[in-house]
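K.L.:
Task: produce atomic coordinates for the following.
(chains A and B)
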Amino acid sequence: MEEHVHHVEHPDMYDPESSKIGMWLFIFTELLLFGGLFLVYAVYRYMNADAFHLAAEQLNTTIGAFNTVILLISSMTVAMATTALQKGHKKIAIGLVAVTFLIGVGFLINKWIEWGVKFDHGIWPGSEHMLETMSQGEILFFGLYFVMTGLHGVHIIVGMIIMGYAIRGLLNGKVNAERPSLLDNCGLYWHLVDLIWIFLFPLFYLIT
Amino acid sequence: MSEEKHHIVPYRLYVIILLALLALTFSSIAITEIELGVYTVAGALLFAIIKSYLVLTYFMHLKYDKPYIKIMVLFVFAIFVVVLVITMLDYLYRV
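P.N.:
Residues are numbered from 1 along each chain as shown, chains lettered A, B, ... in the order given. Below is the predicted model of the structure:
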């Protein structure tokens, strides 16, 4: 009995629940990645408490606070995009994701300015100024500052790329009220980026 | 496949959560400007934990998800706390 079983040509494998679990599992790995860095921060800070206070005073709290505020707003706009899509307001959803994207650009520009000021003061990993004038603890603080805010910045860029795909999907209709997973997961990723910043901000900018 | 229709979160709720998050941010900045010694960090971290709870619950929809996702998220944070506590115990009691 030689019978060919033909599968349906394009089986619809869309499953929002699995998509969501997959995204969460990925988010867990991200949380533990940053968790490891926070662990390093906790130990170094415990061993160099005074140096960390001293070094943190050189960070600009105003620019840090501004970035916190705009990132929180962007988290709201991307969450609202899901609501808009569920209500069938496709254009509003696209607009909200676009606003979120622009806030991401704003965040990166601020980061660029902030890092630029540090570079002007001769502060970057391994710089002569740091090695000659700073204590071990201050060097560790700025090392962690550049690695952790840098890695966070990379996540901002990745989040914005995912938003690009979400907008494309919304425009060509592949992401719609019946299949919102890409937009939902894009939102989840962006909230993760926000979540990490919620801890980075007080630990680096507010410990003076 | 037929799941109950997704819970649609009203825009208004997101605005309320954002306002709460902003209020907590400014409170944490205010509290760190007062000299409280070791309590400064504790205070700032407490505000950060409340903020992350709000983000996870409302923005990340955990409130409307099935319980097993919440349990997994709690488990991940529990792992982190356990590792942090064990590491710090090591450093605190080193001679």
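K.L.:
Nearest the geometric middle of the chain, what residue?
P.N.:
I went with chain A, as the question did not name one. The residue lying closest to the centre of chain A (C-alpha atoms, centre = their mean) is residue A:193, at 2.6 Å.
K.L.:
any idea how far chain B is from that residue?
P.N.:
11 Å (C-beta to the nearest C-beta, to the nearest Å). Every C-beta, even on glycine, is put in place using the N, C-alpha and C of the backbone.
K.L.:
Could you name the specific helix or strand carrying that residue?
P.N.:
Here residue A:193 sits within helix A:181-205, counting by DSSP states H and E.
K.L.:
and that helix, average pLDDT?
P.N.:
In this model, helix A:181-205 has a mean pLDDT of 96.
K.L.:
Domain parsing of chain B, as residue ranges.
P.N.:
Domain ranges of chain B: B:8-64, B:65-95, per automatic domain parsing.
K.L.:
which ones are touching the residue positioned nearest the centre of chain B?
P.N.:
With distances taken as C-alpha atoms, centre = their mean, the residue of chain B nearest its centroid is residue B:52 (2.5 Å). Shown in contact with residue B:52 (C-beta atoms under 8 Å, 6 or more residues apart in numbering or on different chains): A:195, A:198-199.
K.L.:
Show me the helices in chain A, by range?
P.N.:
A:16-47, A:49-56, A:61-86, A:90-120, A:128-133, A:136-172, A:181-205 (DSSP state H).
K.L.:
circling back: from memory the residue nearest to the centre of chain A sits against residue A:157, does it?
P.N.:
No: contact status for residue A:193 versus residue A:157: not in contact, 10.0 Å apart, counting by C-beta atoms under 8 Å.
K.L.:
thinking again about what came up before, please identify which of the helices of chain A is closest to residue B:58.
P.N.:
Evaluated over those, closeness to residue B:58 peaks at helix A:61-86, with 7.7 Å, by C-beta to C-beta.
K.L.:
If anything else comes up later, I'll come back, but that's it for now.
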